[in-house]
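Colleague: no letters, just coordinates:
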């Protein structure tokens with residue numbers, strides 16, 4: 001959306017991504033044609049007239065992807081030693097119970113074996129998973145797009161999304177073109193953030209211990225999102 005509304009059309013207030021900063025999102029989202037946010041459930045009564053495209057992914061694959069990414073320490077917040085709640089506010093993250101004040105999140109994950117590291121990543125995503133449970137399942141103003149259905153089908157998916165938003169035909173055509181050009185499968189070797197865009201990675205990396213830990217806490221989420 002940023003490429004479409006901030007670069008192609010040169011709108012001064014086309015699109016803004018607010019990370020996970022919910023307070024700033026509520027305060028400023030009305031200043032932009034399209035606003036986006038991560039890892040937060042929204043209070044729909046505060047939004048007025050709206051349409052939302054909600055992108056979801058199998059939470060177990062989010063754990064695997066996040067573990068390998070956060071272990072690298074690519075983002076500054078993940079390298080803060082002995083972080084407080086405010087330090088992780090921008091990512092809406094939860095500090096794992098056993099992470100002591102000698103570690104950053106990145107160094108903590110590196111100090112653990114992969115099994116315990118995945119469990120630490122599940123702990124980190126406590127608020128993310130709680131927010132996923134709060135979204136309504138049948139609001140006609142919200143279009144939910146599964147990552148698994150989007151991958152490899154970006155052009156059709158974004159044509160449907162932009163039609164849902166009711167944008168003009170030229171905007172929709174440009175958006176569809178950009179969706180195909182910047183599809184995740186084409187960016188694996190060009191963007192360091194993308195390690196492996198494939199689906200079902202949790203089946204390879206979840207040991208029985210990790211699977212049981214996840215299911216005891218978030219099995220309801222898997223069922224609600226239809227990932228049984």
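Modeller: Arrived safely. From a predicted model like this one, the values you see are computed outputs, not experimental measurements.

Colleague: the helices in this structure, which residues?
Modeller: In the chain, the helices defined using DSSP state H lie at 2, 22-28, 59-72, 105-111, 114-124, 126-134, 147-150, 154-165, 169-181, 184-187, 202-205, 208-225.

Colleague: show residues contacting the longest one.
Modeller: The contact list for helix 208-225 (Cβ atoms under 8 Å, 6 or more residues apart in numbering) reads 56, 58-60, 63, 115, 118-119, 122, 129, 132-133, 137, 206, 228. (Each C-beta comes from the backbone N, C-alpha and C, glycine too.)

Colleague: and the third one, by the same measure?
Modeller: Contact with helix 59-72 is made by 78, 105-106, 109-110, 114, 117-118, 120-122, 124-125, 128-129, 132, 147, 193, 195-196, 199-202, 205-206, 214, 218, 221-222, 225, 227, as judged by Cβ under 8 Å, 6+ apart.

Colleague: of the residues you listed, grab the buried ones for PyMOL.
Modeller: In PyMOL, selecting the buried portion of these, with burial taken from 16 or more other Cβ atoms under 10 Å, looks like this:
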select buried, resi 78+105+106+109+117+118+120+121+122+124+125+128+129+132+199+201+202+205+206+214+218+221+225+227
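
Colleague: where does pLDDT dip in this structure?
Modeller: Scanning the chain for pLDDT under 70 picks out 1-13, 184-197.

Colleague: ok, now how distant is residue 96 from residue 55?
Modeller: In this view, residue 96 and residue 55 are 26 Å apart by Cβ to Cβ, to the nearest Å.
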